[in-house]
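> Sharing a model that was predicted from the sequence below.
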Amino acid sequence: MGLLDDVSAVTAGAEFRRADLHINSFGEDGSYDVTDPAMTPEAIVDTAVAERLEVIAVTDHNAVGNVRRAIAHAAGKPILVLPGVELSTPQGHLLVYCPTPRQLEQFVCKLGISGDRTACEETIAVCLTRAAEFDGIGIAAHIDLSSGID
């Protein structure tokens, strides 16, 4: 019996959903390092629906400008778009999710983001403390890579 079988056997009421909670988008309001113009928030939502994902998050590097576009495009579709951001902190990348786009935007406004949007000046600990002020949660990203959490 594998790990998935073990987890599935003891659900305690949990349901499994197809999800991708770490998607970077293109454009002036998206991730600075995404160069594929096809990665618009609208195209991301449409592709996710076509792939039968039920939950996604547009988590751009140090930017939240495309989150509302993704949420608006998902209206009436069988998908939930969570408001999120990927912060490039000195210790590594941190994914932060908030309940609403407004809370996410207010959270990001409290951070020191470089003018070119390539870095967040705050540590992971500070980001997590500030995220909690806006009912947000954080999850370490890329922890399996050498560029992950230091």
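All right, it came through fine.

> what packs against the strand or helix carrying Val85?
Element membership for Val85 (DSSP states H and E) is strand 80-89. Using 3 or more CB pairs under 8 Å, 6 or more residues apart in numbering; DSSP states H and E, the elements in contact with strand 80-89 are strand 19-23, strand 55-58, helix 67-74, strand 92-97, helix 101-109, helix 124-133. Any C-beta I mention is one placed from the backbone N, CA and C, and that applies to glycine too.

> Return the residues in contact with His22.
57, 59, 86, 95, 141 (CB atoms under 8 Å, 6 or more residues apart in numbering).

> do the same with Val55
Going by CB under 8 Å, 6+ apart, Val55 touches 17-21, 79-82.

> same thing but at 7 Å, please
Going by CB atoms under 7 Å, 6 or more residues apart in numbering, Val55 touches 17, 19, 80, 82.

> ok, so what distance separates the second one from Leu80?
In this view, Ala19 and Leu80 are 9 Å apart by CB to CB, to the nearest Å.

> what's the overlap in contacts for the two?
The contact sets of Ala19 and Leu80 overlap at 54-55 (CB under 7 Å, 6+ apart).

> OK, contacts around the one residue sitting closest to the centre of the chain?
Closest residue to the average C-alpha location of the chain: Thr59 at 3.1 Å, with CA atoms, centre = their mean. By CB under 7 Å, 6+ apart, the contact list for Thr59 reads 22-24, 84-86, 95.

> Take the residues you listed and write them to CSV, including pLDDT.
Output for the contacts of Thr59, formatted as CSV (pLDDT from 0 to 100):
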residue, pLDDT
His22, 97
Ile23, 97
Asn24, 97
Gly84, 98
Val85, 98
Glu86, 98
Leu95, 98
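
> Output the residues you listed as JSON lines; include the columns distance to Gln103.
Listed next are the contacts of Thr59 as JSON lines, based on distance: CB to CB, whole Å:
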{"residue": "His22", "distance to Gln103": "19"}
{"residue": "Ile23", "distance to Gln103": "19"}
{"residue": "Asn24", "distance to Gln103": "21"}
{"residue": "Gly84", "distance to Gln103": "11"}
{"residue": "Val85", "distance to Gln103": "11"}
{"residue": "Glu86", "distance to Gln103": "17"}
{"residue": "Leu95", "distance to Gln103": "15"}
